[in-house]
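Undergrad: Just need the structure, nothing else, for what follows:
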Amino acid sequence: MLVKDVDGFLGPGRGTGRPERLVRQVALGALSGVVDPYFARALHPATACWIVRGTRPDRIARLLATGQTYGTEVVAGGREPKRRRD
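TA: So this is what the prediction gives:
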């Protein structure tokens, strides 16, 4: 989990609205402005990382309890996420 001051990645041309639910490692370059360039190198290919807003502790608690939350899940190595529910 990466706790930020944003809800996640909004996607190109999406200045407002819901964040992207899933970003694959091949698209990590598109995350500029949300994470630094080191993030893509530091994320292990067998790892997924959620980007969530730290000022919303309910979202952090939900992620810890259920494995899902409102935010963006970054999946390394092009693998499918293990748990997905809306």
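Undergrad: Just confirm Ile60 is within a strand.
TA: No. Looking at Ile60 with DSSP: H, G, I helix; E, B strand; the rest coil, it is helix, so not inside a strand.
Undergrad: What is the neighbour count of it?
TA: 18 (other Cβ atoms under 10 Å). For every residue, glycine as well, the C-beta is placed using N, CA and C.
Undergrad: who's in contact with it?
TA: Counting by Cβ atoms under 8 Å, 6 or more residues apart in numbering, Ile60 makes contact with Met1, Val3, Val52, Gly54, Thr69.
Undergrad: try it again with 6 Å
TA: Val52 (Cβ atoms under 6 Å, 6 or more residues apart in numbering).
Undergrad: pLDDT of the longest strand along the chain, averaged?
TA: Ranked by number of residues, the top strand in the chain under DSSP state E is strand 48-53. In this model, strand 48-53 has a mean pLDDT of 90.
Undergrad: Output that strand as PDB, nothing but the C-alphas.
TA: Provided in PDB are the C-alpha atoms of strand 48-53 (Å, rounded to 0.1, in the frame of the first residue of the first chain):
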ATOM      1  CA  ALA A  48       0.700  -5.500  -6.400                       C
ATOM      2  CA  CYS A  49       0.500  -2.200  -4.700                       C
ATOM      3  CA  TRP A  50      -2.600  -0.100  -3.900                       C
ATOM      4  CA  ILE A  51      -2.400   3.700  -4.100                       C
ATOM      5  CA  VAL A  52      -4.900   5.100  -1.600                       C
ATOM      6  CA  ARG A  53      -5.700   8.500   0.000                       C
END
